[in-house]
Structures are given as structure tokens and as C-alpha cells.
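Novice: Provide a 3D model corresponding to the input given below.
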Amino acid sequence: MRFLALALFLLLALAQAPRPLLVGGEVGQAWYPGGRGLAYGEVGLIARGLGLALWQGEGQVALGLGSRYKAFPLVANEAQAAARGAAWKRGQEVLVPLRPLGEALGLEYRAQEGILLRLPWAKLLSVERGPARLLLRFSREVNALVEGNSVLFLLAQGEGAGLSQEAQGLRLALESPPARLYYPGGGQVVLEWGSLARPRPTVLLDPGHGGQDRGISAGGFWEKDLTLDLAKRVASRLANARLTRQTDQYVPLEARLAQAQTASVMVSLHVTQGSAVNLYLPKARTSPLARNAEALLATAPAEQAALLKVYAGDPRRLAVALEKAFSALGLVLARAEGPYALTDIPGAGVLLEVGVERLKTPEARNQVAEAIAQAIRTYLE
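Specialist: Numbers count the residues shown, from 1 in each chain. Model (predicted):
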């Protein structure tokens, strides 16, 4: 019996011991934090071996392949990292779970005597040439590097005008480097030249409730009607503003969230009893861009900050603008933070709850609408 127990202990110890890890042409070790049987590898080695994009910010690390990426929360405690399937900060190294990474990015994962993580070579399927634009299609997602007057498509192969095969991938010679390179998905890579029209920030106003979801009854009004009326008054004061609903209709939370993903600013409007005005902000944000937007906006030059606000934003700065606009009306906003779904978006998202006593007359609603619009203009400008 003792021999059997000892044998089982040794087998378990061997199963969790570091094993060889082969990632493309890079060799390292696979680790098993917390003894849970989930293999981890060093993130820099993985990025080098497979030509993946690597991004690391405060509390998060992400690896990308073309339009696909996989982000992991970064945890220093080994047991917690293993339990959550998070990235593990082991001293100066950062390790990520290999199988979830492979599933997210379409990598080949094999576990035998060691661990193999592999990315098959991509094949160039077609090249479409247009005015100041090139569209290349590959058999899978690829990463591309602009190097001087050429672009290197990592771990890709193919033939065509201006293309040459190298050990790292397929190189395309160009007369001048592209002004933009991006990945629309489906194995596509787009190169463009020339100036790009500066995108305008978009504002999304979300009238809470609607349809069969009437909200609270306050002062002879339904919440769904007051929020829609208020949202329309705000939208009339802003350029490039839109609403999640234009009529008395029910819009599911998932549909509201889908619209909010592309908004520079999103204000979800609700009504409460009494005269209080409450402002709800996200306690945490999940997308890599959103998590770092506050720091980027604080340090970026004015032109870059304005562009960044089109794609990401800082809800706390928007909250400050709202507080100032409402204080001009003699109103104090009560702030709260939490996991509110509609505020966890790449842009600046907040939920504003206005007491029905502040919305009894059209004149009162105009005052509130002007304060909201003024705050949004201040934030964007």
C-alpha cells in the first residue's frame, strides 16, 4: 500500500514538473503552476517563436495574430493564476496558459514528452491592387511588419510581383511605406497610402427601458417615456449623436451593448424617485485599450488625444464634466462605481439617473438636457 501511494505521488510530481517546450524555432520550458495540469509558457518566447504581437499593460497581457487576440489578466500569485487561467508573473517572467492561447489564435497544440505550440505557414491566396491601396488575402490570419520600403508577412509564403520568400516569411517590396496597415479579419491585410480623414467622435444616448419594460412610475409618467424624451432633447443639442431606440420599443441589453462598442461617449439615462441625481461609473474595464485609455489620454499630445477619444475614452473625465455642468444648476451628483454592464465599453460610458422631481416640466427637462450636452461637449473638446 505504501509503495502504491509513493508511486502515485511520484507520477503526480513528474506530471507537474517542467517539460520541454517547442514554440516554432524557439525552445524553452512548460510550467504547471498550482499543480493543475495546465501548461504555461513564457510570453516573450511564444511571441518570438510564432511571430505574434505582444502587448503588456498594468494588470494584463495580450498576444495577437492579425485580427485575433487573446488577453489574460496578470496575477503574481501562482495558485490564483492557475485557478483563473490567468497569466502568471513569475519573478521577471510572464507566463501564459498555452492551450487557451492556442484555441483563441488557431495555433496547433500538442502534448507528448514535451509541449509543441506551432503555427502552420500561411499561403497567399490573392492580391488586389487599387488606388493607394493593397488588399492581401492569406489562408489564415497573419502578422505583418513594416520595415523601410517593404512589409514582411510573418510565417507566410507565396508568389507574385514584388514578393520574395525569406526565412521569416514573405516580403513585399514597395516604393514607399504604407501610411496604414490593418487587419479586417478573415486572413486579410490592408495597406493604404495617403492622408486619412479624421474620424468624428460619436455620442450614443441610451434611453433606459422601453416597450413592455416600463421602468418605474413617477409623477404620472413612466420611466421609459421620460428617458426617451430626455435623450431626444440631449441629441438635438449635439452633432453626431444617436439613440439606442427612437421609439417606445424594447431593446435587449445585448443589443444596447453592441451599439455601445463603437461609441466615443455613451450615456445611459434612467429615472429615480425624488430629486437626486446619481452617476454610475465602471469599477473595472475589460478591453486592453479601455484599461489604458486614462493613462494615454493624460500623456498624449492634443491631436493624438482627440483621435484616441474616437476609439477609447475616460469615463472619469466625463464624470468630472457632468459634475461641473450640473453644479451650475445647483445640483450635486452622487457618484458610485460598480460592474454596470453598459459602462464597461471601450469609450467613455456612464449611467446617469435623474430624480423625477428634476423632470416634471419641459423647461426642467431642457435644463437637464443642456447640462448633459454641455458636459459631453466639454469632454470631447
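Novice: any idea how far the most centrally placed residue in the chain lies from residue 258?
Specialist: Centroid-nearest residue in the chain, with Cα atoms, centre = their mean: residue 287, separated by 3.0 Å. When distance is defined by Cβ to Cβ, to the nearest Å, residue 287 is 14 Å away from residue 258. Quick note: C-beta positions are derived from backbone N, CA and C, even for glycine.
Novice: cool, residue 148 as well?
Specialist: 40 Å.
Novice: hang on, isn't residue 356 packed against residue 230?
Specialist: No. The pair residue 356 / residue 230 is not scored as a contact, 11.1 Å apart, by Cβ atoms under 8 Å.
Novice: okay, those two: which has more neighbours?
Specialist: Using other Cβ atoms under 10 Å as the criterion, residue 356 and residue 230 rank with residue 230 on top: 26 against 19.
Novice: pull the residues that contact the helix or strand where the more buried one lies.
Specialist: Per DSSP states H and E, residue 230 falls inside helix 223-235. For helix 223-235, contacts defined as Cβ atoms under 8 Å, 6 or more residues apart in numbering pick out 203, 205-211, 213-218, 241-243, 245, 247-248, 267, 269-271, 354, 356, 359, 365-366, 368-369, 372-373, 376.
Novice: can you tell me which of those are in helices?
Specialist: Secondary structure from DSSP state H places 365-366, 368-369, 372-373, 376 of the contacts of helix 223-235 in helices.
Novice: filter the residues you listed down to the buried ones, PyMOL style.
Specialist: Restricted to buried positions by 16 or more other Cβ atoms under 10 Å, the PyMOL selection for those reads:
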select buried, resi 365+368+369+372+373+376
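Novice: ok, the ones in helices among the contacts of helix 223-235 vs residue 47, which is closest?
Specialist: Nearest to residue 47 out of those is residue 376 (Cβ to Cβ; 39.3 Å).
Novice: so that closest one makes contact with residue 321?
Specialist: Yes. Using Cβ under 8 Å, residue 376 is in contact with residue 321, at 7.3 Å.
Novice: before we move on, back to that, what's the farthest-apart pair in the ones in helices among the contacts of helix 223-235?
Specialist: Farthest pair in the ones in helices among the contacts of helix 223-235 (Cβ to Cβ) is 365 and 376. Separation: 16.5 Å.
Novice: show me where pLDDT drops low in the stretch 51-200 of the chain?
Specialist: For the stretch 51-200 of the chain, the stretches flagged by pLDDT under 70 are 196.
Novice: surely residue 136 meets residue 162?
Specialist: No. Applying Cβ under 8 Å, one finds residue 136 not in contact with residue 162, separated by 11.2 Å.
Novice: which residues do these two both contact?
Specialist: residue 172.
Novice: looking at those two, which is more packed in?
Specialist: residue 136 (25 against 13).
Novice: surely that one is in a strand?
Specialist: Yes. Using DSSP: H, G, I helix; E, B strand; the rest coil, the assignment for residue 136 is a strand.
Novice: which stretches in the stretch 151-300 of the chain count as strands?
Specialist: 156-157, 163-165, 169-173, 180-185, 188-192, 203-207, 217-218, 221-222, 241-243, 265-272, 277-282 (DSSP state E, counting those that start in this stretch).
Novice: most packed of the ones you listed?
Specialist: Mean neighbour count (mean count of other Cβ atoms under 10 Å) peaks for strand 203-207 among the strands of the stretch 151-300 of the chain, with a mean of 27.
Novice: which elements pack onto it?
Specialist: With contacts defined as 3 or more Cβ pairs under 8 Å, 6 or more residues apart in numbering; DSSP states H and E, strand 203-207 has these neighbours: helix 223-235, strand 241-243, helix 253-260, strand 265-272.
Novice: ok, back up a step: export the ones in helices among the contacts of helix 223-235 to a markdown table and tack on distance to residue 167 and pLDDT?
Specialist: Compiled in a markdown table, the ones in helices among the contacts of helix 223-235 are given as follows (distance: Cβ to Cβ, whole Å; pLDDT from 0 to 100):
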| residue | distance to residue 167 | pLDDT |
| --- | --- | --- |
| 365 | 67 | 96 |
| 366 | 67 | 97 |
| 368 | 64 | 97 |
| 369 | 62 | 97 |
| 372 | 58 | 98 |
| 373 | 58 | 97 |
| 376 | 52 | 96 |
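Novice: what's the closest of the ones in helices among the contacts of helix 223-235 to residue 81?
Specialist: Of these, the one sitting nearest to residue 81 (Cβ to Cβ) turns out to be residue 376, at 39.9 Å.
Novice: now the closest one: how far from residue 310?
Specialist: In this view, residue 376 and residue 310 are 14 Å apart by Cβ to Cβ.
Novice: go on, residue 174?
Specialist: Note on residue 174: its distance to residue 310, by Cβ to Cβ, is 28 Å.
Novice: next: residue 40.
Specialist: From residue 40 to residue 310 the distance is 37 Å (Cβ to Cβ).
Novice: what's the first helix or strand after the helix or strand harbouring residue 310?
Specialist: Residue 310 belongs to helix 302-311 when assigned by DSSP H and E. Toward the C-terminus, helix 302-311 is succeeded by helix 315-327 as the next helix or strand (DSSP H and E).
Novice: give me the mean pLDDT for that next one.
Specialist: For helix 315-327, mean pLDDT rounds to 95.
Novice: so for that helix, what gets flagged as buried?
Specialist: Of all the residues in helix 315-327, those buried under the rule 16+ other Cβ under 10 Å are 315, 317-319, 321-323, 325-326.
Novice: export those residues to JSON lines and tack on distance to residue 61?
Specialist: Listed next are the buried residues of helix 315-327 as JSON lines, based on distance: Cβ to Cβ, whole Å:
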{"residue": "315", "distance to residue 61": "23"}
{"residue": "317", "distance to residue 61": "26"}
{"residue": "318", "distance to residue 61": "28"}
{"residue": "319", "distance to residue 61": "29"}
{"residue": "321", "distance to residue 61": "32"}
{"residue": "322", "distance to residue 61": "33"}
{"residue": "323", "distance to residue 61": "34"}
{"residue": "325", "distance to residue 61": "38"}
{"residue": "326", "distance to residue 61": "39"}
